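>>> Any chance you could fold what I've pasted below:
(2 chains)
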Amino acid sequence: MFRYIVRRSLMMIPMMVLISILCFVVIKLQPGDFTTQFLHDPRISPEMVAQIRTRLGLDQPAHIQYLTWVKGIVTKGDFGYSFAYKRPVHELIWERMAWTVGVAAITIVFTWVVAIPIGIYSATHKYSFLDYFLTFIGFIGVSIPSFFLALVLMYVYLSLGGTAVGGLFSQQYIGAPWSLGKFVDLLRHLWIPIIAIGLGGTASLIRLMRANLLDVLGTQYVTTARAKGLAERTVIYKHAVRNAINPLISIFGMQLPSLISGTIIASIVLNLPTMGPFFYDALLNSDQYLVMTFLMLSAFLMLVGNLLADIMLAWSDPRIRYE
Amino acid sequence: MKKCVLAVLLVALLAMTVSAALPPNPLVMDPALFQEIGTKGGELVLGLGSSPRSFNFYGVVDGPSYTVIYNFLDPLVMENPATGEIIPGLAESWTIDETGTVVTFTLRDVKWSDGTPFTADDVVFTLEHVVMNPNAEGNSQDRFTLGGKPVEWKKIDDRTVQAILPVPYGAFTRVLSHALILPKHKFESYIHALNPAVEKGSINKAWTLDTPLKDVVGTGPFVVTEYIVDQKIVLEPNPYSWKVDPEGNQLPYVDRLVYLIVQDAEVMMAKFRAGEIHRITPTGQNYPGLKQDELAGRPYKILAGSPVDPTPSPPHLSFNWDVADPELQELFRNDTFRQAMEYTVDRHRIIEDVYNTLAIIPGVPVLPANTAFYNPEIENIMRPYDPEQAKQMLDSIGIVEKNGVRVLPSGRPLEITLTAAANMQANNDIAVILKSEWEELGIQTHLQLISSTLVGEKRQAGEFEAMIEAFGNQPDPQLRKAIWQPGRPLYYWHGSTMDKEQNPIIGNMVGWELRVFELFELAEVEMDPVQRKALYDEWQAIFAEKVPVIFIAKGMALTAVSDKVGNVFLKDNGQIVGTNYTIFMK
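Now for the predicted structure:
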């Protein structure tokens, strides 16, 4: 197992190099660069724009720009400099990390805590009224884009006289020290993002859990367990669910990158102080090193997530061995 | 009794410290800015469409950053927010010698918000090392370089500064009103010329958003006291603020000015409706809904004022004189063709359909509200919508209709590709309307609706046939010289008037372009306002007659404001006034 982990970790290095090249190519395929926005401004002469391009190194060939960036990372751990904010990229990402991970983690927990029990219920009570009802809600959740759901929720809440829309806090609590009032205010704001962003994931997890469990419930060993006279609880939770949950563990690994990238449009619509809108802005401005670092971080989390999922699978399923 | 005396003493002391903060010669703001004298206190909450990128005015080119920075930094001379006229700022007075090239400023006796005295050193430092710094991303080198030579700055004494211009420069005080003065004691360590230890580009790294806010000092009415990443910025009154209301009360009135950072326009609107944000700039599309709310008694009102600001930029239609196709090139250079096309522009329909009636017929391109420069004569020259007239004029230059299609002299059908930014609603909609008008006339029109970035690139590369673009109108035409003077980088419809080194090519200009070129050169060095206006009047008349570009409409100034806010109102002349430091909370 240990050798397997080491091997997988080493494999990540060429993968990351490949991903970084791909990301850089995609960024460079975008028309224009950071300085293009200045062409619209009569205050800035094209001569000046050329000067800025030189200073930012944008006049050099793309592969040189890429290699310089990689060299900075390898030799100094420097992920580059944001053209827009004039600050090191890692600082900017770090500043936004707490809320980003916080909101995403709460949403993911919400998704799983809600989805798994409902999935189990649906499977064990299949074709009951509640199963149909939850399936119906599930399909709605899958089919509505989260940003749209966010808009609808905000609209409904506003029409009902609510005022806590957008952001995580009311204005007076932003930046204030923590207090009971601030916590309550956070809860008043937080439910819309959690439902809006979480519902889509919840719905698909419910469907998956239901389908898997139904498969397992039809297998012979479940029949055997029941025939042995085991309690239905034991049959379901000890034997069936444990086997049905395997594919979901892989999905859990895939969710790691969404900790930071999450749903960008929903975050903009909900005015969350997370990385999503920030990244979107950087993309629009062609703030290339910021975009690169962000994409790399996201790719890295994806790889780590996959590895973690595989390890967890081996732990939960004794049949899986990687040696 | 003793306690009582002590209390009185304390109050007196407090009063003294407060009044001590007011400089000996404060600036009394124009009474036109006040509907009533305000009361102190309260919190004004505004929205900001995205995070600022920096607190460094010269380090970035970024609207939201400027919005915040204008609250805490001041220029030497400023624009009166009520009239746009130039009035004293950090310089309490100035004189111009008889040659028109030496301007002597007497500085106001004020302090930076950290208590350090403001002196001539700050002025000379800012203009020499920051404004003219080629490495500063937001520098203003171009505006202070005349005839290839920079304006020189000289400290006479602590309160006197002299500007020595290479040639007289009519718009000098106007451009100076956009040059905010920085504190030398907080900024000099970032300047390579004064501190060789730092690299040349480090000027841009001064006052980034992670700077301790006690170091971000200013002379403006406010100081920044809090910044929460991507969420809000809080400003509080500068104790040394030097602006007062007509009764002598120190401005600003409000205790806190808060900018909430809200990226999405709909959320911004929701927050305004919920009362969380006190004032926003809505779009024409929002107007009917907000007006309905207002009439239904919601606690806010919406004002539509005559346009005075550079934005929203008025769209115009242009034809590329340097288009590759020789036949189109000849056509687009034909004055009669462009004049005929002006007759196809139904400005009134556009104002109704595209702008919800919240727009006016634009100037050419000086705004009618700009009394200092507007030439009313152009109203008689501009061509109203008249498709019949357009048809006759096209016939007269040999673009005749055959089987419903207009053909070029070579017999080829006349086809025009019209480029506009799909993500700029007005430009996009105008292009659609023009297409239908032109097809009525038998001109086959292809719309190329693409992102504004791509429009900008095609514009600068000269890769288009016809285009809807928009440039903001500045109060002084000198500041738009880079656009409207032939041979300049943004005179894009006739790009061949400029060579690769960006020098004008006189030989490529047609007769009236030459005259326009000359007018801008003359007006630049003219110090007499009456003479300057006469020169720019002639330019406007030529543009209206020859239509190098066809101006279409100018959106009105809109503001929606909570009933809790005082001193935001429509003046008698139809303009909206209300600045952050004259606003008070009811």
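
>>> For residue A:249, which three-state class applies?
helix (DSSP: H, G, I helix; E, B strand; the rest coil).

>>> Just name the shakiest helix or strand of chain B by mean pLDDT.
Across the helices and strands of chain B, the lowest-confidence element by mean pLDDT, DSSP states H and E is helix B:2-21, at a mean of 50.

>>> tell me which parts of the stretch 351-500 of chain B are close to chain A?
B:452-454, B:456-457, B:459-460, B:471-472, B:479-480, B:482-483, B:489-490 (CB under 8 Å from any CB of the partner chain). All C-beta atoms are positioned from the backbone trio N, CA, C, and that covers glycine.

>>> how about 6 Å then?
B:453-454, B:456, B:460, B:482-483, B:489-490 (CB under 6 Å from any CB of the partner chain).

>>> what's the neighbour count on residue 224?
If you meant another chain, say so; for now it's chain A. A count of nearby residues for residue A:224, using other CB atoms under 10 Å in any protein chain shown, gives 12.

>>> let's do chain B instead
25.

>>> three-state assignment of it?
strand.

>>> I'd guessed it sits against residue B:218; true?
No - using CB atoms under 6 Å, residue B:224 is not in contact with residue B:218, being 8.3 Å away.

>>> is it true that residue B:166 lies in a helix?
No - using three-state DSSP, the assignment for residue B:166 is coil, not a helix.

>>> give me the beta-bridge partners of the nearest residue to it once chain neighbours are set aside?
Excluding the flanking residues, the one nearest residue B:166 by CB to CB, 6 or more residues apart in numbering or on different chains is residue B:149, at 3.8 Å. On the basis of DSSP bridges, residue B:149 is bridged to residue B:146.

>>> and residue B:149, what pLDDT?
Looking at residue B:149, its pLDDT stands at 92.

>>> Would you mind measuring from it to chain A?
Computed as CB to the nearest CB, to the nearest Å, the residue B:149 to chain A distance reads 16 Å.

>>> Quick check: the gap between that residue and residue A:127.
Going from residue B:149 to residue A:127 by CB to CB, to the nearest Å gives 88 Å.

>>> Between these two, point out the one with more neighbours.
Using other CB under 10 Å as the criterion, residue B:149 and residue A:127 rank with residue B:149 on top: 12 against 8.

>>> The more buried one against residue B:167, yeah?
No - counting by CB under 6 Å, residue B:149 sits too far from residue B:167 to count as a contact (8.1 Å).

>>> Which of the helices or strands spans residue B:47?
Assigned by DSSP states H and E, residue B:47 belongs to strand B:43-48.

>>> Name the residues of that strand that come out as buried.
Buried residues in strand B:43-48, defined by neighbour count with 16 or more other CB atoms under 10 Å in any protein chain shown: B:44-48.

>>> now, among those residues, which is nearest to residue A:234?
residue B:47 (57.9 Å; CB to CB).

>>> That closest one touches residue B:277, doesn't it?
Yes - using CB under 6 Å, residue B:47 makes contact with residue B:277 at a distance of 4.7 Å.

>>> Assumed residue B:411 was part of a helix.
No - secondary structure of residue B:411 (three-state DSSP): coil, not part of a helix.

>>> what's around it, how many residues?
Using other CB under 10 Å: residue B:411 sits among 7 other residues.

>>> how much space between it and residue B:319?
For residue B:411, the distance to residue B:319 - CB to CB - is 21 Å.

>>> three-state assignment of residue B:401?
Here residue B:401 is recorded as strand under three-state DSSP.

>>> who's in contact with it?
Taking CB atoms under 6 Å, 6 or more residues apart in numbering or on different chains, we find residue B:401 in contact with residue B:442.

>>> Name the residues linked to it by a beta bridge.
Bridge pairing for residue B:401 - DSSP bridges - gives residue B:406.

>>> Need the per-residue pLDDT for it.
Reading off the model, residue B:401 has pLDDT 91.

>>> ok, now how distant is it from chain A?
Residue B:401 is 38 Å from chain A, by CB to the nearest CB.

>>> Also residue B:302?
18 Å.

>>> Strands of the stretch 51-200 of chain A, residue ranges please.
Using DSSP state E, counting those that start in this stretch, no strands are assigned anywhere in the stretch 51-200 of chain A.

>>> List, one by one, the residues from chain A near chain B.
So chain A meets chain B at A:31-32, A:36, A:39-40, A:42, A:45-46, A:52, A:55, A:84-87, A:95, A:158, A:163, A:165-166, A:171, A:174-175, A:268-269, A:271, A:273, A:277 (CB under 6 Å from any CB).

>>> Write a PyMOL command that selects only the buried members of those.
Typed into PyMOL, the line below selects the buried ones among those, using 16+ other CB under 10 Å:
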select buried, chain A and resi 36+39+40+42+45+46+52+55+84+85+86+87+95+158+165+166+171+174+175+268+269+271+273+277
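
>>> So which of the residues of chain A next to chain B belong to helices?
Residues of these located in helices (DSSP state H): A:46, A:52, A:55, A:95, A:158, A:268-269, A:277.

>>> For the longest helix anywhere in chain A, name the packing helices and strands.
If you go by DSSP H, chain A has its longest helix at helix A:180-217. Helices and strands touching helix A:180-217, by 3 or more CB pairs under 6 Å, 6 or more residues apart in numbering or on different chains; DSSP states H and E, are helix A:89-124, helix A:129-143, helix A:146-159, helix A:241-244, helix A:264-270.

>>> buried ones in it?
Neighbour counts over helix A:180-217 (16+ other CB under 10 Å) mark A:182, A:185, A:188-190, A:192-210, A:212-214, A:216-217 as buried.

>>> Equivalent analysis for stretch B:572-583, please.
B:575-583.

>>> Run the chain-centre distance for that stretch.
Mean C-alpha position of stretch B:572-583 versus that of the full chain (CA atoms, centre = their mean, to the nearest Å) differs by 17 Å.

>>> And the contacts of that stretch?
Here stretch B:572-583 makes contact (CB under 6 Å, 6+ apart) with B:33, B:44, B:81-82, B:221, B:251-252, B:257, B:303, B:305-306, B:308, B:557, B:559, B:565, B:567-568, B:570-571.

>>> From those, which land in helices?
Among the contacts of stretch B:572-583, no member falls in helices (DSSP H).

>>> Only whichever of the residues you listed are buried, select them in PyMOL.
Selecting the buried subset of these in PyMOL, with 16+ other CB under 10 Å as the burial test, is done by:
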select buried, chain B and resi 33+44+81+82+221+251+252+257+303+305+306+308+557+559+565+567+568+570
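
>>> which among the ones in helices among the residues of chain A next to chain B gets closest to residue B:539?
Comparing those against residue B:539 with CB to CB places residue A:46 closest, at 23.1 Å.

>>> Could you find the closest non-adjacent residue to that closest one?
Among residues not flanking residue A:46 along the chain, residue B:489 sits closest, at 4.9 Å (CB to CB, 6+ apart).

>>> which ones are touching that neighbour?
Applying CB under 6 Å, 6+ apart to residue B:489 gives the contacts A:45-46, B:482.
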